[in-house]
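Student: Next input, structure requested:
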Amino acid sequence: MPYSDPDNKALAAGWLTELSPATVLDVGPGAGAYGKLVRSLPGIERVDAIEAWESYIPEFGLTSIYDSVFVGDVRHHTDFRYDVVIFGDVLEHMTREEALAVYELAREQAEHILFSIPIIHLPQGAYAGNPFEVHVEEDWSHDEVLDWFPGIYKAEKFRVTGLYLAR
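Tutor: Numbers count the residues shown, from 1 in each chain. Prediction:
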């Protein structure tokens, strides 16, 4: 679904406010929830996005939310030089190994990684023809996320998702 779980957005906003980033990359923005949240923060100079499903760009008005929207699969993206990279309910859409590889590359280049991921069994198929919406890994747990993704220094569990902040 192009919409992310709203339960963690207030905490995400709080963590982002503490970080006070100037540049943010939102990976898999869908309807743009994180982009809108980031735009409301002080000191933001640039907010970009990577969206794999090109039709979401006009459907959700992503060019009015983001400075640049790069069309492509994040597994083939190489530039994560931002103050914060956000993976908002994205990493479950690839294998664990692919998710870790993307995360590690982003971690090498970005100052911080903010990510949300379902921590309950949550199968999901394609949405409106979008194969990128399929949950490839549909059964993460909070403990598995902490074990798999290094550098996490803040973590919070919600009803459906976990929210994590890493360096």
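Student: pretty sure residue 11 belongs to a helix, no?
Tutor: Yes - secondary structure of residue 11 (DSSP: H, G, I helix; E, B strand; the rest coil): part of a helix.
Student: What residue, apart from its backbone neighbours, is nearest the residue nearest the centre of the chain spatially?
Tutor: The centroid of the chain falls nearest to residue 87 when counting by CA atoms, centre = their mean (1.6 Å). Nearest residue to residue 87, sequence neighbours excluded (CB to CB, 6 or more residues apart in numbering): residue 115, at 3.9 Å. The way it works is simple: take the backbone N, C-alpha and C, and place the C-beta from them, glycine included.
Student: Can you list the residue ranges for strands in this protein?
Tutor: Secondary structure of the chain (DSSP state E): strands at 23-27, 46-51, 68-71, 84-88, 112-118, 152-157, 161-166.
Student: Report the beta-bridge partners for the residue nearest to the centre of the chain.
Tutor: Partner residues in beta bridges with residue 87, using DSSP bridges, are residue 27, residue 115.
Student: just to revisit the earlier point, columns distance to residue 99 and mean pLDDT on top of the strands of the chain, output as TSV?
Tutor: Formatted as TSV, these follow (distance: least, CB to CB, whole Å; pLDDT from 0 to 100):
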stretch	distance to residue 99	mean pLDDT
strand 23-27	11	98
strand 46-51	15	98
strand 68-71	19	98
strand 84-88	8	97
strand 112-118	9	97
strand 152-157	14	98
strand 161-166	12	97
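Student: can you list those in TSV and add distance to residue 131?
Tutor: As requested, these are exported to TSV (distance: least, CB to CB, whole Å):
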stretch	distance to residue 131
strand 23-27	17
strand 46-51	14
strand 68-71	15
strand 84-88	18
strand 112-118	18
strand 152-157	29
strand 161-166	22
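Student: and residue 75, how far is that from residue 101?
Tutor: For residue 75, the distance to residue 101 equals 8 Å [CB to CB, to the nearest Å].
Student: what's the answer for residue 8, then?
Tutor: For residue 8 relative to residue 101 (CB to CB), the value is 24 Å.
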